[in-house]
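> the sequence and its predicted three-dimensional model are supplied below.
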Amino acid sequence: MNLDLLSALHWARPQLLWALCVLPFIALWAWRRGRDAGRWQQAVDPHLLPHLLQASGKGARRWPWTVLLGWTLAVLALAGPGWKQQAQPLLQPQSPLVVVLDLSTRITATDLPPSRLLQARAKLASLLQQREGGQLALVVYADDAYTVAPLTDDVANIGLYLDALSPQVMPADGQRTDRALDWATQLLQRSGLRAGQVLLLTDSADAAAIEAARQARSQGVQVSVIGLGTATGAAYRDSRGQIANAALDEASLRRLADAGGGRYQRLASDTTDLRALDLLRADRSAGESERGAVRQWLDQGYWLLPPLMLLALLAFRRRSAVLSVLLLIGVVGLQPAPVLAQATAAPAPQAGARSNLWLRDDQRRQQQLEQGVQAYHAGDFDTAARTFESVQTAEGWYNLGNARARQGDLDGAVQAYDHALSQRPGMPDAVANRAVVDAARKRKPPPSPQGGKSPPSQPGKSKPPPQGQGQAQPPSSGQPSSAGKGSQKPGDPAQPPPPAGAPSGKPGAGEAPPPVDPQAQARADAEQRERMQQAVQQGQQGKQAKQPAQRSDGRTPQQREQQQAVEAWMRRVPDRPGDLLRAKFQLENERRKQEGP
């Protein structure tokens, strides 16, 4: 039984146990001290000893053994004994993946029926569904590269944008694969990751792209390629309206994959290409963790501190018992509860000021942000606004603007959005919400609308990061939510219709391709919009059911009318991911032009 207990005991810092080697020297010192006292008794008369030597009672004889025991307890506590284990989350075993999609007009070629674009969308949907765990980002490019979604564990957010991906959302046409690979590499580096994977979906590569893949490999990024199209190709209409032929150049793509340290596969109708590129968890080695967690020993050395402190108090001659009891109560009372690292658990608000002692400044701001989010969801906008005011970050000011807008304080909302934009210039959602609130502030308030209310933006949390939970629910991880999310009309299209003459069918090279079947495309878009609308409505109904009944908040009728005006404007904002991406990319393109090369 004793052997079992010893085998279950684990030491976090076993090298400190070497300090126990001092115990024999302490024992030798105690023995020599007692022997010296005996020599005086032999040389001095007994009736003179009390006047020459200090009193040697039981306390004096116990003192060496107290030192021995205290030293032993101190060393054992510092060595970190542990007899319990707890599961601790690990980083995802898969390296992060950045998907880079070519959205030049060449992707509208129809050599892969019904078109390369639809085939690429289906492949991305399959990747999102089959890949379990690991961070993923989506980058699209034409003349330049743009981020649709940064690295995130929540791939469902990326799936919302798949049907909006088309050449129409890009500011300018082109095929700068080299810029896309450079942008994907920077995206990984800005996330603090030393290595990662890039999956490129395109039909050809030039010398600049191959050199960019070689540079990415030198920085620890592996570049793999999936080829879109066929060797014969098909005709397509470029941005100038001219007819050209787009063919698959497998030789150049293989050279690019070799330069990037990855592999090349042609687009397949199933997941064989993804498995061949080792992008799915099922193809990972068996030695990796399936749950992303490991059991670690808990350091229980702090339990040895109270008896150690009691031994220290025994050195006092007066009121040692009272001081011992007081110190024991203080040590136990100040002992923090074990903090468990959980990816989805929010800090408990009832922890109080005692738990805040162990938080960093950024953790305190994050806790305040999440408390404001909870108050916002509960309909307590006054508490949410007061909480957001103490969070001096772009997300805090942005959510403060949303809360003030719901309170009817439109001037305060505009000021809060301005603060957010001063800390993060060009913040798309802050720009959009500020424009809506400013327009509502300048207009005459309309009559009270009927029906449910929809907030300017739903605060919430995204799943890491790795960059800031507690801000508004993002259209993609790491960004605040855009205005009007959840207010999509049933008749609003998910994306604008393609321009006249969009290619379809299988025309020969050099002749204009026939248009895509509008009825089939409309049915597919309508089904997707219906699924997204149902999901949004179910989420809103669940939140409204949990909110308490509206209570009197002391606002004036004018403030209520202003709030109703804001909500009416919010409901008029269409929820079209294609328009959002187009506006986002256009703003980014203008910013890059202003900054210059």
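Nice, thanks for sending it over. Quick caveat, the model's predicted, so the values are computed rather than measured.
> alpha carbons only for contacts and neighbour counts from here, please
Will do.
> so how far is L68 from the closest residue in space to W11 that isn't next to it in sequence?
Spatial nearest neighbour of W11, excluding adjacent residues (CA to CA, 6 or more residues apart in numbering): P81 at 4.6 Å. The gap separating P81 from L68 is 19 Å, by CA to CA, to the nearest Å.
> tell me the pLDDT of the closest residue to A420 other than its chain neighbours.
Distances taken as CA to CA, 6+ apart place A394 nearest to A420, at 4.4 Å, with adjacent residues excluded. Looking at A394, its pLDDT stands at 85.
> and for the one 3 residues further on?
As summarised for this prediction, W397 has a pLDDT of 89.
> report the separation between it and D418.
W397 is 8 Å from D418, by CA to CA.
> more neighbours: the two, which one.
Just comparing W397 and D418: by other CA atoms under 10 Å the higher neighbour count belongs to W397, 27 against 20.
> please look at that one and R424 and confirm they touch.
No. Judged on CA atoms under 8 Å, W397 makes no contact with R424 at a distance of 10.4 Å.
> what helix or strand is A27 located in?
helix 23-43 (DSSP states H and E).
> D111 too?
Taking DSSP H and E as the definition, one finds D111 inside no helix or strand.
> tell me, how many residues neighbour the closest residue to R441 other than its chain neighbours?
In space, and not counting its chain neighbours, R441 is closest to L410: 6.3 Å by CA to CA, 6+ apart. Neighbourhood size, L410 [other CA under 10 Å]: 26.
> which ones are touching L410?
Listed by CA atoms under 8 Å, 6 or more residues apart in numbering, the contact partners of L410 are R404, V437, D438, R441, Q562, Q563.
> what distance do you get for the last one to R386?
Using CA to CA, we find Q563 at a distance of 18 Å from R386.
> neighbour-wise, which of those two wins?
Q563 (25 against 14).
> can you verify my assumption that the more buried one contacts D411?
No. Applying CA under 8 Å, one finds Q563 not in contact with D411, separated by 11.6 Å.
> which neighbours do these two share?
Contacts common to Q563 and D411, judged by CA under 8 Å, 6+ apart, are absent.
> you'd agree G159 is up against Q129?
No. Counting by CA under 8 Å, G159 does not reach Q129; the two are 9.3 Å apart.
> looking at those two, which is more packed in?
Neighbour count, other CA under 10 Å: between G159 and Q129, G159 has more, with 17 against 13.
> tell me the spatial nearest neighbour of that one, not counting adjacent residues.
A125 (6.7 Å).
> dump the contacts of L410 into CSV; add distance to S224 and pLDDT as well.
As requested, the contacts of L410 are exported to CSV (distance: CA to CA, whole Å; pLDDT from 0 to 100):
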residue, distance to S224, pLDDT
R404, 48, 88
V437, 45, 85
D438, 47, 84
R441, 51, 80
Q562, 53, 71
Q563, 51, 73
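> by neighbours, which of those residues wins?
In these, the most neighbours by other CA under 10 Å go to V437, 28 neighbours.
> got the contact list for that residue?
Contacts of V437 by CA under 8 Å, 6+ apart are A405, L410, A413, V414, V566.
> that one belongs to a helix, doesn't it?
Yes. Membership of V437 in a helix is supported by DSSP: H, G, I helix; E, B strand; the rest coil.
> that one and G412, how far apart?
Applying CA to CA, the value for V437 to G412 is 10 Å.
> overlap in contacts of the two?
Contacts common to V437 and G412, judged by CA under 8 Å, 6+ apart, are A405.
> who does Y146 bridge with?
Per DSSP bridges, the residues bridged to Y146 are V140.
> let's see the pLDDT reported for it.
Y146 is given a pLDDT of 95.
> repeat that for the one 5 residues further on.
Note for L151: predicted pLDDT of 90.
> picking up where we left off before, for whichever strand or helix holds the residue nearest to G159, buried residues please.
A125 is part of helix 116-130 when elements are defined by DSSP H and E. Across helix 116-130, burial judged by 16 or more other CA atoms under 10 Å covers 116-125, 127-128, 130.
> of those residues, closest to I243?
R116 (16.6 Å; CA to CA).
> so which residues of the stretch 301-450 of the chain form helices?
Under the criterion DSSP state H, counting those that start in this stretch, helices of the stretch 301-450 of the chain are mapped to 305-313, 320-334, 352-356, 361-377, 381-389, 394-407, 410-423, 428-442.
> can you give me the strands for this structure?
Taking DSSP state E as the test, the strands found in the chain are 10-11, 81-82, 85-89, 97-102, 136-141, 145-152, 196-202, 221-227, 234-237, 243-246, 261-266, 293-297.
> list of residues touching the first one?
Spelled out, that is strand 10-11. In contact with strand 10-11 (CA under 8 Å, 6+ apart) are residues A79, G80, P81, G82, W83, W297.
> among the residues you listed, name the buried ones.
Buried among those (16+ other CA under 10 Å): A79, G80, P81, G82, W297.
> mind putting those in TSV, pLDDT included?
Output for these, formatted as TSV (pLDDT from 0 to 100):
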residue	pLDDT
A79	87
G80	86
P81	89
G82	85
W297	79
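> as JSON lines, these with distance to S204 would be great.
Putting the buried ones among the contacts of strand 10-11 into JSON lines (distance: CA to CA, whole Å) gives the following:
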{"residue": "A79", "distance to S204": "60"}
{"residue": "G80", "distance to S204": "58"}
{"residue": "P81", "distance to S204": "60"}
{"residue": "G82", "distance to S204": "58"}
{"residue": "W297", "distance to S204": "52"}
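> relative to Q189, which of the residues you listed is nearest.
W297 (32.4 Å).
> the closest one contacts K84, correct?
Yes. Look at W297 against K84 with CA under 8 Å: they come within range, at 5.9 Å.
> count of neighbours near the closest residue to R106 other than its chain neighbours?
When the adjacent residues along the chain are set aside, R106 lies closest to A246, with 6.0 Å between them (CA to CA, 6+ apart). Counted with other CA under 10 Å, the neighbours of A246 add up to 26.
> how much space separates A246 from R263?
In terms of CA to CA, A246 sits 22 Å off from R263.
> could you pull up the residues touching the spatially closest residue to D238 that is not a sequence neighbour?
Nearest residue to D238, sequence neighbours excluded (CA to CA, 6+ apart): T105, at 5.5 Å. By CA under 8 Å, 6+ apart, the contact list for T105 reads P167, D173, G174, Y236, R237, D238, S239.
> just the buried ones from those residues, in ChimeraX syntax?
The following ChimeraX line selects those of the contacts of T105 that are buried, judged by 16+ other CA under 10 Å:
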select :167,173,174,236,237,238,239
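> re the thing from before, nearest to C21, of the strands of the chain?
So among those, strand 10-11 is nearest, using CA to CA, at 17.0 Å.
> most neighbours, which of the contacts of V437?
That'd be A405 among those, by other CA under 10 Å, with 30 neighbours.
> hmm, that residue is touching A416, no?
No. Checked against CA under 8 Å, the pair A405 and A416 is beyond contact range at 9.9 Å.
> so how far is D270 from S239?
On the measure of CA to CA, S239 and D270 end up 32 Å apart.
> domain parsing for this protein?
The chain breaks down by automatic domain parsing into domains covering 2-87, 97-281, 361-504+512-547+554-595.
> and these, which one averages the lowest pLDDT?
Looking at the domains of the chain, the bottom one is domain 361-504+512-547+554-595 with a mean of 65.
> and the end-to-end length of it?
First residue to last in domain 361-504+512-547+554-595 (CA to CA) measures 33 Å.
> repeat for stretch 224-237
28 Å.
> which parts of that stretch are buried?
Under the neighbour-count criterion of 16+ other CA under 10 Å, stretch 224-237 has S224, V225, I226, G227, L228, G229, T230, G233, A234, A235, Y236, R237 buried.
> residue contacts, the first one?
What that stands for is S224. Q197, V198, L199, L200, A257, G260, G261, G262, R263, Y264, L277.
> in a markdown table: those residues, plus neighbour count and distance to V98.
Output for the contacts of S224, formatted as a markdown table (neighbours: other CA atoms under 10 Å; distance: CA to CA, whole Å):
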| residue | neighbour count | distance to V98 |
| --- | --- | --- |
| Q197 | 26 | 6 |
| V198 | 27 | 5 |
| L199 | 26 | 6 |
| L200 | 26 | 9 |
| A257 | 23 | 15 |
| G260 | 27 | 14 |
| G261 | 19 | 15 |
| G262 | 20 | 13 |
| R263 | 21 | 15 |
| Y264 | 23 | 16 |
| L277 | 17 | 14 |
